[in-house]
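Chemist: Provide a 3D model corresponding to the input given below.
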Amino acid sequence: MDSKELLAYFLPEGILEYFDIIEAKESNDRLTLVLEEKPLPMAEQSQKRLHSKGFYPVTQIQDFPIRRKACYLEVKRRRWINIETQELYSRDWDLVAKGTRMTSEFALFLKRLIG
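Modeler: Sure, this is the predicted structure:
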């Protein structure tokens, strides 16, 4: 088992399919994992010419404690721009959750992102 497989046990199920862990910050009583959405093509917008255009402001979510430390996920969701129309898009997490094998825990986690 590699470290990514092991880490998957501590995060919402399926999250490592769509996010990379880019940083881990630790203090005496807190662990913060910074997650960045991968630049994966958006299937629901496949007919459009989209280009990654940065990120939305970071969303911080409290997750289950790990080894007596509060655990927070700082999530950076990607924005996309239609090259032809200049319209902004982001992944529709509700749609992705319905069309995949993700658990309700992961879907609930993502639902909190779009608030």
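
Chemist: Every contact and neighbour count from this point should use C-alpha atoms.
Modeler: Noted.

Chemist: Show me what stretch 29-38 is in contact with.
Modeler: 18-26, 66, 68-78 (C-alpha atoms under 8 Å, 6 or more residues apart in numbering).

Chemist: Select only the buried ones of those residues in PyMOL?
Modeler: Per 16 or more other C-alpha atoms under 10 Å, the buried members of the contacts of stretch 29-38 correspond to this PyMOL selection:
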select buried, resi 19+20+21+70+71+72+73+74+75+76+77+78
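
Chemist: So which of the contacts of stretch 29-38 sit within helices?
Modeler: Y18 (DSSP state H).

Chemist: could you pull out the strands for this structure?
Modeler: Per DSSP state E, the chain carries strands over the ranges 19-26, 30-37, 50-55, 59-66, 69-76, 78-82, 88-89.

Chemist: how about the ones you listed, which one is nearest E5?
Modeler: strand 19-26 (12.8 Å; C-alpha to C-alpha).

Chemist: which helices and strands does the closest one pack with?
Modeler: strand 30-37 (3 or more C-alpha pairs under 8 Å, 6 or more residues apart in numbering; DSSP states H and E).
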